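Peer 1: fold the stuff below for me.
(chains A, B, C and D)
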There are 4 protein chains.
Amino acid sequence: MANSRFEYVKQFERENLLLPETYLIIRVDGKGFHKFSQEYEFEKPNDLRALQVMNRAAMNLVKQFPDIQLAYGDSDEYSFLLRRSCTLFERREMKLITTFASFMSVNYMFEWNKEFPEKPIRSERLPTFDARAVVYPTSTLIRDYFSWRQVDCHINNLYNTTYWNLILKAGMTGKEAENRLIGTVSSDKNEILFKEFQINYNNEPEIYKKGTIIVREYNDWKTLSNEVKEEELSDRQKQRLEKQRKKADIVECHVDIIKDEFWEKRPWLLQ
Amino acid sequence: MANSRFEYVKQFERENLLLPETYLIIRVDGKGFHKFSQEYEFEKPNDLRALQVMNRAAMNLVKQFPDIQLAYGDSDEYSFLLRRSCTLFERREMKLITTFASFMSVNYMFEWNKEFPEKPIRSERLPTFDARAVVYPTSTLIRDYFSWRQVDCHINNLYNTTYWNLILKAGMTGKEAENRLIGTVSSDKNEILFKEFQINYNNEPEIYKKGTIIVREYNDWKTLSNEVKEEELSDRQKQRLEKQRKKADIVECHVDIIKDEFWEKRPWLLQ
Amino acid sequence: MANSRFEYVKQFERENLLLPETYLIIRVDGKGFHKFSQEYEFEKPNDLRALQVMNRAAMNLVKQFPDIQLAYGDSDEYSFLLRRSCTLFERREMKLITTFASFMSVNYMFEWNKEFPEKPIRSERLPTFDARAVVYPTSTLIRDYFSWRQVDCHINNLYNTTYWNLILKAGMTGKEAENRLIGTVSSDKNEILFKEFQINYNNEPEIYKKGTIIVREYNDWKTLSNEVKEEELSDRQKQRLEKQRKKADIVECHVDIIKDEFWEKRPWLLQ
Amino acid sequence: MANSRFEYVKQFERENLLLPETYLIIRVDGKGFHKFSQEYEFEKPNDLRALQVMNRAAMNLVKQFPDIQLAYGDSDEYSFLLRRSCTLFERREMKLITTFASFMSVNYMFEWNKEFPEKPIRSERLPTFDARAVVYPTSTLIRDYFSWRQVDCHINNLYNTTYWNLILKAGMTGKEAENRLIGTVSSDKNEILFKEFQINYNNEPEIYKKGTIIVREYNDWKTLSNEVKEEELSDRQKQRLEKQRKKADIVECHVDIIKDEFWEKRPWLLQ
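Peer 2: Residues are numbered from 1 along each chain as shown, chains lettered A, B, ... in the order given. A predicted model of the protein is given here:
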């Protein structure tokens, strides 16, 4: 509302509009979660309840923003896939990433306090997240992006599982466990787990090995997809589509997203 | 730690390094705070306790990041001035703005729950903020930037004070109050307040008229400033300077920042 | 080679890497060509020899840069399509656009002096071009981009042809011709040309109506395309492909690029 | 003029507006000038007439664009300083750098053909330049920028002078000369020149040792500078100032620009 002779300073503001008709990925990443997990005494190697706090926070974001088609999370990070034709905040990068960082942070804090009434968030260490946006022009790149994150999850989890068993069950110090694992490949770690701790890594919970997928499921995709080209829809049809998007089931699962099956069953993700 | 054939997707990430040796301003802005204020039943025209929640959240940020020299806030927004030579996050724009949005959000939520135990934050409406960074090459621009925000605060507060008196005391509807104020200038609003509600606007609390300033005060500035050129300092001297910055008093006040006095008393702000 | 304490100023340089795996279009545009055409007395409405100078200059660029698959020009502008996987200058935007602007300018000047020895370029008005790059994620967008330019060519040429006939044959001033054409649609201009000047616009030369296309033709595309996925090729195969690209015929034509035929015959353009 | 349903593709265009109130430097750089100098048989280590072609081309740019206050060149590169308040092309980066690359290229070609009628530019190798823009917020940075380029000129010229004397007078091959110079510092090269070739490097021509400065000289600076703050000038005063800028003498010299003297005598450069 206000106008003054000082308003010219607005000319120094810059916007970056993310390239239209590309897939958007926004990835949020916990800040200092190593210390956060110490402060709030996470169970090791994985704290299931803390993971569920992450997943519920991410679920709230997916519900909040119908443009999100898919989310994938692991440890203290989450990647959100927004559809190609998304025009949320006119695709202004700063607005998108700060909004996602903010929503993730307060939702995490809210869900934490609900899950852990016995150790609520203290002012000394609040849960915070940074965020970045990346645009990808093709569906192949999107497949490879999520494969990258899920492979990363697997590698980290195998390492952490072995590392913490060496500490908690074999009584090693952190330094000793680290040294033991230097130069080992996956099969070495599997063997350590099996021989020394009678753990078959394949039987570990899927949520740890695969991470968490949150996906918008359209049961009526066939009907929808007959109205194929969104740019040719009437405004009324677009509103209906938007409504269906909002009503779509949002499902959490812990499955392979590297192979084709996941994507072939959900053609709307990479349409 | 992990490496896979999918990692090439990282090549699509982009960074924006904010121009070195310019002043940085990061402004955070409440998202949907009109509805937020309805949901949590803010007092009108100003809710002092809610304002204090904002101010405490901002204060926590100033304490957290020693590069912040000055902060100015009003209503649901806050502007943070980071010093010219700041290299926080290597001046990566995305990292800076998402971190500030995140810290502001969780600090606001934390301080809210402390201040208002009778109406804690509910999941239906969490407090969220977006953020943007602007770089300014000269000290004049920084002066004008803060003048812009303080003039804005004044104009908005005069409007809101009149608007809400028309509603709360004269029994108007929102629409009627709005119509009454169309086309009025400051003196008109002052007169309405005085004649109809016996309010002398000049006597309104400074926190509403001027907004809130949070400033890092250096009592030993003389000594510090003898070690003038930061780029010529030894590492040890830099560490000492950094320490002094961390120990500096951080003061909240509600004063004029448009005139020279405020800035002349604090030469470190625009050094 | 040189290193000095001043070298830190390089830190202020910024690069923009154009998004990988998107089509690149670089468009060069003559600067002040209205005055240029007056200075060198272009024939009106079209100067065929001057157009050929443009086309030869553009042809030289296509020969110079094997990444260019297609070029389209009209009047004083030319658009160059670089293939999706192009990594020329590591896709650095500044390098790409300044190089294209520079090459176009000197090639134009060179070809001009060869074509017009009777009126060589004089220092008072040298031919200069600016340039911009645009990235497009899909082949549909590329089709629409070139359609946009060819429709533009048609509209401008119909206007100019009518305008200059009104001046040269009907003796109007520029102002009068302009006024006569205000509010007219295509059919009106066709009628003016036909009724007043016995010109059937459809019989005008294709080079004026359609502009000029320069395209890299691969006669052995079938063989090439069996080695489909470039990212999976060995270095030796890539070198062979690069060689074939360099040896490909480069053809100039003046045909419709809005309809499907042009593109269906050349699948390599939008592969 | 033209409008069509394809025009939406313009939405993919991006502009970068260079930050206001910062000094602009645009540096043009010859492309492949090593080969260019072989093709046109430059004298070694320095070809005075070829250097003069560069300088005249740069001089033409300074005359063309009154916003240029200073230019510095050496070998195949030139840096142009545009004043802080410059709004040429609304400070659009792409427009600025492509225009400078284009102007430099055609001016070079034009001046070359005038200077060397016996070996005019041939189509096999045209002179081309790329360009980049850098913004600097302070005058210190501008001083350091030009110091950086002049130190670079000195280091390169000392090297080249020694290298070519070893080849031309001592009969070494390029490889031998290179090996001889590996690990040498300035004083070593001075000594080689003096002992083996009786050359006192200090007596070498200033144009080779210092490079070339082109500067806009204001004899009436005192009067001008009384009208200090440009933003407070009336339109009429601004036009007068602009006129004076256009009429200012433009001077070429070969002097030290690292020390204070050059800058203190020309306060308008860093006002």
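Peer 1: you'd agree residue A:73 is in a helix?
Peer 2: No. Using DSSP: H, G, I helix; E, B strand; the rest coil, the assignment for residue A:73 is strand, not a helix.
Peer 1: show me the strands in the stretch 1-150 of chain A, by range?
Peer 2: In the stretch 1-150 of chain A, the strands defined using DSSP state E, counting those that start in this stretch lie at A:23-30, A:68-74, A:77-82, A:129-136.
Peer 1: residue A:85 touches residue A:21, doesn't it?
Peer 2: Yes. The criterion here is C-beta atoms under 8 Å, and residue A:85 meets it with residue A:21 at 6.9 Å. Using the backbone N, CA and C atoms, a C-beta is placed for each residue, glycine as well.
Peer 1: the more surrounded of the two?
Peer 2: residue A:21 (17 against 12; other C-beta atoms under 10 Å in any protein chain shown).
Peer 1: for the more buried one, give me its contacts.
Peer 2: Residue A:21 sits next to A:84, A:85, C:137, C:138, C:141 when contact means C-beta atoms under 8 Å, 6 or more residues apart in numbering or on different chains.
Peer 1: and it, how far from residue D:8?
Peer 2: 11 Å (C-beta to C-beta, to the nearest Å).
Peer 1: then residue A:161?
Peer 2: Residue A:161 is 52 Å from residue D:8, where distance means C-beta to C-beta.
Peer 1: which of these two has more neighbours?
Peer 2: Ranked by neighbour count (other C-beta under 10 Å), residue A:161 and residue D:8 place residue A:161 first, with 23 against 13.
Peer 1: please report phi then psi for that one.
Peer 2: Main-chain dihedrals, residue A:161, degrees, to the nearest 10: phi -60, psi -50.
Peer 1: so who does the nearest residue to it once chain neighbours are set aside touch?
Peer 2: Once flanking residues are discounted, residue A:161 sits nearest to residue A:45: 5.0 Å by C-beta to C-beta, 6 or more residues apart in numbering or on different chains. Residue A:45 makes contact with A:157, A:160, A:161, A:163, A:164, A:165, A:208, according to C-beta under 8 Å, 6+ apart.
Peer 1: turn the residues you listed into a markdown table, including secondary structure and pLDDT.
Peer 2: Formatted as a markdown table, these follow (DSSP: H, G, I helix; E, B strand; the rest coil; pLDDT from 0 to 100):
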| residue | secondary structure | pLDDT |
| --- | --- | --- |
| A:157 | helix | 97 |
| A:160 | helix | 97 |
| A:161 | helix | 97 |
| A:163 | helix | 98 |
| A:164 | helix | 97 |
| A:165 | helix | 97 |
| A:208 | helix | 98 |
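Peer 1: wait, which of those residues is closest to chain C?
Peer 2: Comparing the contacts of residue A:45 against chain C with C-beta to the nearest C-beta places residue A:157 closest, at 29.2 Å.
Peer 1: need the contact list for the residue lying closest to that closest one once chain neighbours are set aside.
Peer 2: Distances taken as C-beta to C-beta, 6+ apart put residue A:208 closest to residue A:157, at 5.1 Å, once the chain neighbours are dropped. Residue A:208 makes contact with A:45, A:46, A:157, A:161, according to C-beta under 8 Å, 6+ apart.
Peer 1: contact residues of the stretch 151-271 of chain A facing chain B?
Peer 2: A:151, A:152, A:155, A:156, A:159 (C-beta under 8 Å from any C-beta of the partner chain).
Peer 1: repeat the analysis, applying 10 Å as the threshold.
Peer 2: Residues of the stretch 151-271 of chain A lying close to chain B (C-beta under 10 Å from any C-beta of the partner chain) are A:151, A:152, A:153, A:154, A:155, A:156, A:158, A:159, A:258.
Peer 1: list the buried ones in the helix or strand hosting the third one?
Peer 2: Spelled out, that is residue A:153. Assigned by DSSP states H and E, residue A:153 belongs to helix A:139-168. If you call a residue buried by 16 or more other C-beta atoms under 10 Å in any protein chain shown, then helix A:139-168 has these buried ones: A:141-159, A:161-167.
Peer 1: hang on, the earlier thing: which of the strands of the stretch 1-150 of chain A sits closest to chain C?
Peer 2: The nearest among the strands of the stretch 1-150 of chain A, by C-beta to the nearest C-beta, is strand A:129-136 at 6.7 Å.
Peer 1: what angle do the closest one and helix A:139-168 make?
Peer 2: 150 degrees (axes from the mean of the first three to the mean of the last three C-alpha atoms, to 10 degrees).
Peer 1: from the chain's centroid, how far away is strand A:129-136?
Peer 2: 11 Å (C-alpha atoms, centre = their mean, to the nearest Å).
Peer 1: close to chain D, is it?
Peer 2: No. Contact of strand A:129-136 with chain D (C-beta under 10 Å from any C-beta) is absent, the minimum separation being 11.9 Å.
Peer 1: same for that strand, what does it pack against?
Peer 2: Judged by 3 or more C-beta pairs under 10 Å, 6 or more residues apart in numbering or on different chains; DSSP states H and E, the packing partners of strand A:129-136 are strand A:23-30, strand A:77-82, helix A:93-115, helix A:139-168, helix B:93-115.
Peer 1: residue B:200: which of those is closest?
Peer 2: helix B:93-115 (29.4 Å; C-beta to C-beta).
Peer 1: using CSV, write out every CA atom in that closest one.
Peer 2: The C-alpha coordinates for helix B:93-115 follow below in CSV (Å, rounded to 0.1, in the frame of the first residue of the first chain):
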residue,chain,number,x,y,z
GLU,B,93,21.9,-17.4,-2.2
MET,B,94,19.8,-20.5,-1.9
LYS,B,95,21.5,-21.7,1.3
LEU,B,96,21.2,-18.2,2.9
ILE,B,97,17.6,-17.6,2.1
THR,B,98,16.3,-21.1,2.9
THR,B,99,18.2,-21.2,6.1
PHE,B,100,16.8,-17.8,7.2
ALA,B,101,13.2,-18.8,6.3
SER,B,102,13.6,-22.1,8.2
PHE,B,103,15.2,-20.5,11.4
MET,B,104,12.6,-17.7,11.4
SER,B,105,9.7,-20.2,11.2
VAL,B,106,10.8,-22.6,13.9
ASN,B,107,11.9,-19.8,16.2
TYR,B,108,8.5,-18.1,15.7
MET,B,109,6.7,-21.3,16.5
PHE,B,110,8.8,-22.0,19.6
GLU,B,111,8.4,-18.5,20.9
TRP,B,112,4.7,-18.5,20.2
ASN,B,113,4.1,-21.7,22.2
LYS,B,114,6.1,-20.1,25.1
GLU,B,115,4.2,-16.8,25.0
